[in-house]
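Asker: Take a look and give me a structure for this.
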Amino acid sequence: MLYFFITLGVFALVIAAMAIGYIVQRKTISGSCGGLGSIGVEKACDCPDPCDNRKKKMAKEEARRKMLEENRII
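Answerer: Predicted coordinates:
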């Protein structure tokens, strides 16, 4: 149990040090350097034909979008 508390304390100190570093430098936290777009992948799944589960999900989203568009009040 002692090792657990020592490890927890070390992690807490490291997290506190990183937080203080961001506060002192006044930097904003930003994303990565481009993600998949930087290597030429335009979407999360770069396969030419989506799998059956993806097709079902896309059809469900399209049906929901059409239903919302048809039942729009304004």
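Asker: can we go C-alpha only for contacts and neighbour counts from here?
Answerer: Will do.
Asker: Could I get the buried residue list for the helix or strand of the chain with the lowest mean pLDDT?
Answerer: Every helix and strand of the chain was ranked by mean pLDDT, DSSP states H and E. The lowest is helix 52-70, at a mean of 89. Buried residues in helix 52-70, counted by 16 or more other Cα atoms under 10 Å: none are found.
Asker: Which strands and helices lie in contact with that helix?
Answerer: Packed against helix 52-70 by the contact rule (3 or more Cα pairs under 8 Å, 6 or more residues apart in numbering; DSSP states H and E) you find no helix or strand.
Asker: per-residue pLDDT, S32?
Answerer: Model confidence at S32, given as pLDDT, is 62.
Asker: got it, and C51?
Answerer: What the model reports for C51 is a pLDDT of 79.
Asker: Can you give me the neighbour number for it?
Answerer: Residue crowding around C51 was assessed by other Cα atoms under 10 Å; the count is 10.
Asker: contacting residues around it?
Answerer: With Cα atoms under 8 Å, 6 or more residues apart in numbering as the criterion, no residue contacts C51.
Asker: Phi, psi for P50 please.
Answerer: Geometry field for P50 lists phi and psi as phi -60, psi 150, criterion degrees, to the nearest 10.
Asker: burial measure for it, as a count.
Answerer: As a measure of burial, P50 has 12 neighbours, counting by other Cα under 10 Å.
Asker: what about it, distance to M58?
Answerer: 10 Å (Cα to Cα, to the nearest Å).
Asker: Could the C-alpha coordinates of the helix or strand encompassing A12 be exported in CSV?
Answerer: Remark: A12 resides in helix 2-25, with elements defined by DSSP states H and E. What follows is helix 2-25, C-alpha atoms only, in CSV (Å, rounded to 0.1, in the frame of the first residue of the first chain):
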residue,chain,number,x,y,z
LEU,A,2,2.9,2.3,0.7
TYR,A,3,4.1,1.9,-2.9
PHE,A,4,0.7,2.9,-4.2
PHE,A,5,0.8,6.2,-2.2
ILE,A,6,4.3,6.9,-3.2
THR,A,7,3.4,6.4,-6.9
LEU,A,8,0.3,8.5,-6.5
GLY,A,9,2.3,11.3,-5.0
VAL,A,10,4.9,11.2,-7.8
PHE,A,11,2.2,11.4,-10.5
ALA,A,12,0.5,14.2,-8.6
LEU,A,13,3.7,16.2,-8.5
VAL,A,14,4.4,15.6,-12.2
ILE,A,15,0.9,16.8,-13.1
ALA,A,16,1.2,19.8,-10.9
ALA,A,17,4.6,20.7,-12.4
MET,A,18,3.2,20.4,-15.9
ALA,A,19,0.2,22.6,-15.0
ILE,A,20,2.5,25.2,-13.4
GLY,A,21,4.7,25.2,-16.6
TYR,A,22,1.7,26.0,-18.8
ILE,A,23,0.5,28.7,-16.5
VAL,A,24,4.0,30.3,-16.4
GLN,A,25,4.5,30.1,-20.1
